[in-house]
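>>> One predicted model, sequence on top.
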Amino acid sequence: MAGPTSPNFSLPDEPDWPVGDARPIVFLLDAATPLEQRVLEGWVTRHRPADFPTTDLDRVQIPPSRGRRRKLDQRLEPILATDEDPLMAPLRVAWLRKGEFEGVHGLGLFDVLTLSDPRDPDRLRQAWTLRTDPGRCRVVAGEPARLSELRERWRMAGGASSGETTGLADFVARQAALALERAERRLRGARYKVPRLVKEDIVSRPAFRGGVARLARSLSKPLDKVAAEAEGCLKEIAATHSPFVIDLVAQGIHLLYTRGYGENLHYDRARLNEIYSLAQRHPVIFLPSHKSNLDHLVLQYALHEQGLPPNHTAGGINMNFMPVGPLVRRSGVFFIRRSFKDNEVYKFVLRHYIDYLIEKRFSLEWYVEGGRSRSGKLLPPRFGLLAYVVDAYLRGRSDDVVLLPVSIAYDQIQDVGDYAAEQRGAAKATESFGWFVGLVRKLGRRYGDIHLRFGEPVSLRETLGPPDESATPDPDAHSLRLQKVAFQVCDRINRVTPVTPTSLVTLALLGVGDKALTIEETMGVLGNLLNYVEVRGLPVTEDLDLRSSEEVLRVLDHLVENGVVSCFDEGPEAVYAIRPDQHLAAAYYRNTIIHFFVAGAIAELALLAAAADEVSDAVTAFWDEATRLRDLLKFEFFFAEKAEFLEETRAELASHDADWERRLATGGTEVRTLLHNVRPYNAHRILRPFLEAYQVVGDTLAGLNTAEPFEEDKFLARCLALGKQYQLQRRITRAESLSKVLFGTALRLARNRGLIDGDGGDLDERRKEFAGEIRAAVRRVDAIDTLAASRRAGLLD
C-alpha cells in the first residue's frame, strides 16, 4: 500500500490546490503527530502543479489544535519579516467517526469505555484507521490569505505600527487555526461549532490589556499581579468545549432523562432550525424558565439531536463539583460566582468574556429567573447577566442581539417534594455528588412528558434602538430599559407555556378544597376549565384530552403513583383528593398555568365590589377595585402595562357577556347578572392561596411592635406559626397558603409600601390598613367560593 507521502496515495474528497498559480505559498501545517505531518506533506506533494517551482513553496508548523501544545515554528518569524507577500494557506487532518456521513451519531461503546475520541485518535489508532479505513482521514484546507492582508488585520486589532512584526507570528497562527475551524465545521456540521483559543484571543486584545493596566493603577497593585489575577478569573469562568465530551454528555443526558420521561421530549424541530438560521446573523440568547435541574440538559439534548451546537450556558459556581463540573464545562457551561459586586477584576473579565461571545455570534443561555421556581410560577427576572449583554450591544459589539424566551414544561417533576419542604421552611439541599446520585435515583419513576416551547424573540435593536457607542449612558434610563426587556421576555415565556393535563387536573382538585371527587365529578369541574382554555385559545400540550374518562383516570393514576393524590376505592366508586400533606406539591403544578386565569379572577372580585348595594358608580368601583388588586398582586404575577391590563380585562368580560358595558354602567342588579354570566368562577381557586398567605403576613405585621428592629428570618418563622394556627382554626382554608415563598412575596410588597422600616408615627396604623385591605379581598373570594359551590350543587343556574 502506498504511503501517505507517495504520489500514488490519495484520500477521498481532497481539497484543491489554493488559488491557481498564486505564489509564493506558505502552508501552515496543523499536525499533532508525525503521521499527520506526513499526510499533509503528502497532500502538498501530490497536488503541487507540475510547473510550480519548489522554491516558491514553504511549509511551517503551527501549534496543533489537538494533543500536546508545541511552540511556534521559529521559521515563521523570518518569513513574516520579508518584503514578499506570500499566500498563507492553513492545512489540517480531520479524523471522522465510523459512519459519520451515514447518519451515525454519538460515541461507540469502545470510545466510551476507553474515553477515547475517534475524532482525536492517538498515534496507534491513527495508523490503524489510515490503513483499514482511509476514508475517515480527511485533509482540511482553511481559507488562505495574503500576508499583507493578515498584517492589516493585525494592525487593525492593535497589534503594532507598520514595519514591526513582534507578536505577528502568534496572530497568524491563531488566524490559521480559526480558518481551519471554520473549514472543519463545514465538513462535520454545525453541532461542533465551538470556540477555540478563547483565552488567547481575549488576553491578546488591546482593550483587555489596556483595561488590565487601568485596573492595576486604580487598585494600586502591580500590573503583573493584576494580569495574573485576570487570567485566573478567565480560566475559572470560561467553558472549554470538547466535541468528545459534547457527545458523551448528550448520550448521558438521554440516558438520564429517559429514566423518568421515556422518549417523551416534545418540541418543534422546524422552529428550532429557524432559530438557528437567525443565530447565523445575530447572537441568540436562550432564556428558559427554570423548573427542574433537568432544564438545561433537555434543551441541550434537543439542540444536539437537531445537529446544532450547544449554547454557552451560565451556571452557578455551586454546580462546579466533581465529576459533574468538569464534564459540563467541556460541554458548554461557563461558571460564574454567586456574588462578585466588589471584585473589580472579576467583573472586568466577565464583561470581556461576554463581549467576546457576543462579537463571535455564539448563542448564550441562562435562566432569566436566576434560580429554580419553588412555587411553579415564573419568578421575577434577575438582571445581572442580561445587563452585561445589553451593555455589550449598546457598545456596538453586535448590530443586534436576539433574546429567545423558552418555556420548559413537565407533566410532573422529581424535585417537587423538595420544593414543598423548602416552602415549609426546610433548608435547600447543597449540591454535591451525593445530591446528584439522589437526583438520578428519583428519576426511576414515571413523570410523564417534557414540553419545550419557543416564544416570540425579543430584538434589542427593535426594543432599545440602534447601538450608539458615543452616547453618554443615563443609569436611570438604562435600568428602566433593562427592566422593560426582562419583563417582556418573562411575559413571552408565560404566553407559550402550555396547559398540561397535570396542571389542569390539580387546578380542578385544589379548587374544591379537601373534598374528594369521583371521576365523573372531576370531569364536570374540568369541563368548565376546558371550555375556558378552548375559548381563549390557550397553548396546550399534544395530549390534552381531558374530556375522556380514560385520560382523566390516566392523569390521576400518575399523580397517585407519585404520592400527590390519594385514591379511596373501597366504596362503590373510587374517589380522588389531594393528599393531606401534598397541597404545596399540587399547587406547584397548578401554578405553572395560573397566569392565564389571573385577569379573569380579578374581574370577578371587581364585579363583586361594583355590585355592592352602597355603590353609586359601578363603573368607577369596578375599575378602582381591579387596579387595586393588580397593585396588591404586582410582585406575584407579570401584569401588562396598565392600559394593556385594562384592555385584557375588557376582553375577559366580553368573553362572558357581549353586553357587559351596558350592564356595568347600569349598575345594581345588572352587575349581579353580569357576575352570574361568568363561567367558570375562578377567583376562589386562583387567588385564594395567595391572598390567604398575604393575610397571614398582614396580620403578623400588624401585631409587631414598631419600636423593635425588624428581623426577616424571625418574621417569616412567625408567619409560618400564625399560618398553621389559622389553618387549624379554619381561618384559612387552603393548605397551600402556608408557603414561605408566598410569605416572602407579601413581605416584598409590604417593604415596597414602606411598612417595614417606614418613618413617622402612623406606621402602626398603616400596617393595620394593609391587613384590612387584604381581609376585604379574602372576603370577596369567600363570596365567589359560595357562588361556585351553589353552581356545583345546582342552586345557581
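Okay, I see it. Numbering: from 1, shown residues only.
>>> so which strand or helix has residue 375?
Assessed by DSSP states H and E, residue 375 sits outside every helix and strand.
>>> My read is that it contacts residue 589, right?
No - if you go by Cβ atoms under 8 Å, residue 375 and residue 589 don't touch, sitting 10.8 Å apart. (Glycine included, C-beta is placed from N, CA and C.)
>>> What separation is there between residue 457 and residue 321?
34 Å (Cβ to Cβ, to the nearest Å).
>>> wait, residue 93
Distance of residue 93 to residue 321, given as Cβ to Cβ: 37 Å.
>>> likewise residue 587?
To residue 321, residue 587 is 31 Å away according to Cβ to Cβ.
>>> So between these two, which is more surrounded?
When neighbours are counted by other Cβ atoms under 10 Å, residue 587 and residue 321 differ, and residue 587 comes out ahead with 29 against 16.
>>> Can you tell me which residue is spatially central in the chain?
Centrality entry for the chain: nearest residue to the mean C-alpha point is residue 288, 3.0 Å, by Cα atoms, centre = their mean.
>>> can you give me phi and psi for residue 517?
Main-chain dihedrals, residue 517, degrees, to the nearest 10: phi -120, psi 140.
>>> next one: the one 5 residues further on
The main-chain torsion angles of residue 522 are listed as degrees, to the nearest 10 and equal phi -60, psi -40.
>>> Determine the number of other residues adjacent to the residue nearest to residue 580 when sequence neighbours are not counted.
Of all residues not flanking residue 580 in the chain, residue 735 sits nearest, at 7.6 Å (Cβ to Cβ, 6 or more residues apart in numbering). Neighbour count for residue 735, taken as other Cβ under 10 Å: 22.
>>> so how far is residue 723 from the residue nearest to the centre of the chain?
To residue 723, residue 288 is 32 Å away according to Cβ to Cβ.
>>> for residue 608, same thing?
For residue 608, the distance to residue 723 (Cβ to Cβ) stands at 25 Å.
>>> Between those two, which is the more surrounded one?
residue 723 (27 against 22).
>>> Which of the three states applies to that one?
helix (DSSP: H, G, I helix; E, B strand; the rest coil).
>>> Go ahead and confirm it touches residue 698.
No - under the criterion of Cβ under 8 Å, residue 723 makes no contact with residue 698, lying 11.8 Å away.
>>> Point out the other helices and strands that the lengthiest helix in the chain packs with.
Of all the segments of type helix in the chain, defined by DSSP state H, the longest one is helix 763-792. Where contact means 3 or more Cβ pairs under 8 Å, 6 or more residues apart in numbering; DSSP states H and E, helix 763-792 is packed against helix 598-610, helix 618-632, helix 683-686, helix 688-702.
>>> Please verify my assumption that residue 150 contacts residue 175.
Yes - the pair residue 150 / residue 175 is scored as a contact, 6.1 Å apart, by Cβ under 8 Å.
>>> quick one, helices of the stretch 51-200 of the chain?
With helices called from DSSP state H, counting those that start in this stretch, the stretch 51-200 of the chain shows them at 76-81, 109-114, 123-132, 147-156, 168-188, 198-203.
>>> As TSV, the ones you listed with mean pLDDT, distance to residue 555 and mean neighbour count would be great.
Below are the helices of the stretch 51-200 of the chain laid out as TSV (pLDDT from 0 to 100; distance: least, Cβ to Cβ, whole Å; neighbours: other Cβ atoms under 10 Å):
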stretch	mean pLDDT	distance to residue 555	mean neighbour count
helix 76-81	87	67	16
helix 109-114	75	37	12
helix 123-132	91	51	14
helix 147-156	89	61	16
helix 168-188	88	43	20
helix 198-203	87	47	17
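>>> Dump these to JSON lines, plus distance to residue 428.
JSON lines is the format used below for these (distance: least, Cβ to Cβ, whole Å):
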{"stretch": "helix 76-81", "distance to residue 428": "54"}
{"stretch": "helix 109-114", "distance to residue 428": "33"}
{"stretch": "helix 123-132", "distance to residue 428": "46"}
{"stretch": "helix 147-156", "distance to residue 428": "50"}
{"stretch": "helix 168-188", "distance to residue 428": "41"}
{"stretch": "helix 198-203", "distance to residue 428": "33"}
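>>> Indicate which one of these is closest to residue 55.
Nearest to residue 55 among these is helix 76-81; the distance by Cβ to Cβ comes to 13.6 Å.
>>> Just the CA trace of that closest one, in PDB.
The C-alpha coordinates for helix 76-81 follow below in PDB (Å, rounded to 0.1, in the frame of the first residue of the first chain):
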ATOM      1  CA  LEU A  76       7.700  31.600  10.600                       C
ATOM      2  CA  GLU A  77       9.300  34.800  12.000                       C
ATOM      3  CA  PRO A  78      11.800  35.300   9.200                       C
ATOM      4  CA  ILE A  79       9.100  34.600   6.600                       C
ATOM      5  CA  LEU A  80       6.900  37.300   8.100                       C
ATOM      6  CA  ALA A  81       9.700  39.800   8.200                       C
END
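>>> Can you name every helix or strand that that helix contacts?
Secondary-structure packing of helix 76-81 (3+ Cβ pairs under 8 Å, 6+ apart): strand 57-61, helix 168-188.
>>> strands paired with the first one, and their directions?
What that stands for is strand 57-61. In the sheet, strand 57-61 lines up against strand 25-30 (parallel) (DSSP bridges).
>>> mean confidence for the strand it pairs with?
In this model, strand 25-30 has an average pLDDT of 94.
>>> Pull the residues that contact that strand.
For strand 25-30, contacts defined as Cβ atoms under 8 Å, 6 or more residues apart in numbering pick out 18, 37, 40-41, 44, 56-65, 79, 86-93, 144, 147, 172-173, 176-177, 180.
>>> Check stretch 267-276 too.
Stretch 267-276 is contacted from outside by 190, 284, 302, 303, 306, 308, 404, 451, 452, 453, 454, 457, using Cβ under 8 Å, 6+ apart.
>>> and residue 389, what helix or strand is that in?
Applying DSSP H and E, one finds residue 389 within helix 384-394.
>>> Any buried residues in that helix, and which?
For helix 384-394, the neighbour count (16 or more other Cβ atoms under 10 Å) marks 385, 386, 387, 388, 389, 390, 391, 392, 393, 394 as buried.
>>> The spatially closest residue to the second one that is not a sequence neighbour: what's it in contact with?
Put plainly, it is residue 386. The shortest distance from residue 386 to any non-neighbouring residue, by Cβ to Cβ, 6+ apart, is to residue 486 (5.9 Å). When contacts are counted by Cβ under 8 Å, 6+ apart, residue 486 touches 368, 381, 383, 386.
>>> And for the first one, the neighbour number?
Neighbour count for residue 368, taken as other Cβ under 10 Å: 26.
>>> Over to it: give its phi and psi.
Main-chain torsions, residue 368, degrees, to the nearest 10: phi -60, psi -20.
>>> my read: it touches residue 295, true?
No - Residue 368 lies out of contact with residue 295 (Cβ under 8 Å); the separation is 11.8 Å.
>>> which residues do the two both contact?
288, 289.
>>> Now do the helix or strand of the chain with the lowest mean pLDDT: which elements does it pack against?
None of the helices or strands of the chain scores lower by mean pLDDT, DSSP states H and E than helix 109-114, at a mean of 75. Contacts defined by 3+ Cβ pairs under 8 Å, 6+ apart place helix 109-114 against helix 243-261.
>>> Next, the angle helix 168-188 makes with the helix it packs on.
Helix 243-261 and helix 168-188 are oriented at 40 degrees to each other (axes from the mean of the first three to the mean of the last three Cα atoms, to 10 degrees).
>>> quick one: contacts of helix 243-261?
With Cβ under 8 Å, 6+ apart as the test, helix 243-261 has contacts from 105-107, 111-112, 117, 119-120, 191-192, 194, 265, 294, 297-298, 300-301, 304-305, 310, 327-328, 330-332, 410, 414, 440, 442-450.
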